[in-house]
Each structure stands twice: as C-alpha cells, then as structure tokens.
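Undergrad: The amino acid sequence is not available; the structure is as follows:
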Ligand SMILES: [Zn+2]
C-alpha cells in the first residue's frame, strides 16, 4: 500500500474518524441554528457560525445515486468500485465506497445502511452496505 496517502486529520474532522474507528457515524450540528452538515468543516453553511457539536447517525438511508469506477486504479481499493451517494435518515447526504452490492442491480431509493471497513494503513472508514448487511466495528 505504498503510495496510498494517510488520512489527514484536522481539528474539524478528527471526531468523524475517531467515531468511525469505534463504529459510529457522526455528523456536525450547528449549535446556533441546528443545521446538520457533512463533510466536516469549520463553519455552518447555513448561518456561518463556528459553534458546533456532533450527533450520532442511525446509519440508515436510501441510495440517492452512485457511480462505478474502473480506473485509474488506486492500490487502496478493489475494482470495479461502487461509490454511493446516500440520503441518510437525518437528512444529510453521505458519500462512501459500496460493499456487498450487485453493481448491475442498483436502484435509486433502495434501502442501505452504513457499516465500517478497514482501509489502507488500518484506518476504519464508513462503507455503504445493503440494508441489514452492514459489517465492521460493533456488528
Ligand atoms: Zn448554523
């Protein structure tokens, strides 16, 4: 796995990676207007507040869209690689690799859930699974 970069942890995203390592999917919530947001960032896109805390997701959602990557190949992934855009129950959208799907039988709106899997360098990251088939930390 040489050439695969390590995750870049910042003040704004360390909560996300630490939660994933423990089997939780967490999002930022603005403590001024309560807007949820992902990916992590320093300021609320709705009201520009820098004040936030986190909420734990149910990890349940539906498939909003997807793409299947064939190249260029990166040592960190298996190909063909499905990448999903998921509408989570909380109302946030989430992008992650797909596991356990027949990539030729995907349908918009199908029920999915977020599990976890080991990525390059041993990092635990969220992955999208068919509903009821999530794997990873705590499952
Ligand atoms: Zn806000």
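TA: Received it, and whenever you're ready, just let me know what you need. Everything numeric in this text was worked out from a predicted model, so none of it was measured. Residues are numbered from 1 along each chain as shown.
Undergrad: what about the longest strand seen in the chain, distance to the chain center?
TA: What stands out as the longest strand in the chain, according to DSSP state E, is strand 60-69. Counting by Cα atoms, centre = their mean, to the nearest Å, strand 60-69 is centred 11 Å from the centre of its parent chain.
Undergrad: Tell me which residues of that strand come out buried.
TA: 60, 61, 63, 64, 66 (16 or more other Cβ atoms under 10 Å). Bear in mind the C-beta positions are built from the backbone N, C-alpha and C, glycine included.
Undergrad: Compile these into TSV and extend it with columns for pLDDT and distance to the ion.
TA: Shown next, in TSV, are the buried residues of strand 60-69 (pLDDT from 0 to 100; distance: Cβ to the ion, whole Å):
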residue	pLDDT	distance to the ion
60	97	25
61	97	22
63	98	28
64	98	23
66	98	29
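Undergrad: ok, and the closest non-adjacent residue to the residue lying farthest from the centre of the chain?
TA: Largest separation from the mean C-alpha position in the chain: residue 32, at 24.5 Å (Cα atoms, centre = their mean). Spatial nearest neighbour of residue 32, excluding adjacent residues (Cβ to Cβ, 6 or more residues apart in numbering): residue 49 at 3.9 Å.
Undergrad: same question, residue 135
TA: According to Cβ to Cβ, 6+ apart, the nearest residue to residue 135 is residue 115 (4.8 Å).
Undergrad: residue contacts, that neighbour?
TA: Contact partners of residue 115, counting by Cβ atoms under 8 Å, 6 or more residues apart in numbering, are 59, 99, 126, 127, 128, 129, 133, 134, 135, 136, 139.
Undergrad: May I see the buried residues of the helix or strand where it lies?
TA: Using DSSP states H and E, residue 115 maps to strand 111-118. Going by neighbour count (16+ other Cβ under 10 Å), the buried part of strand 111-118 is 112, 113, 114, 115, 116, 117.
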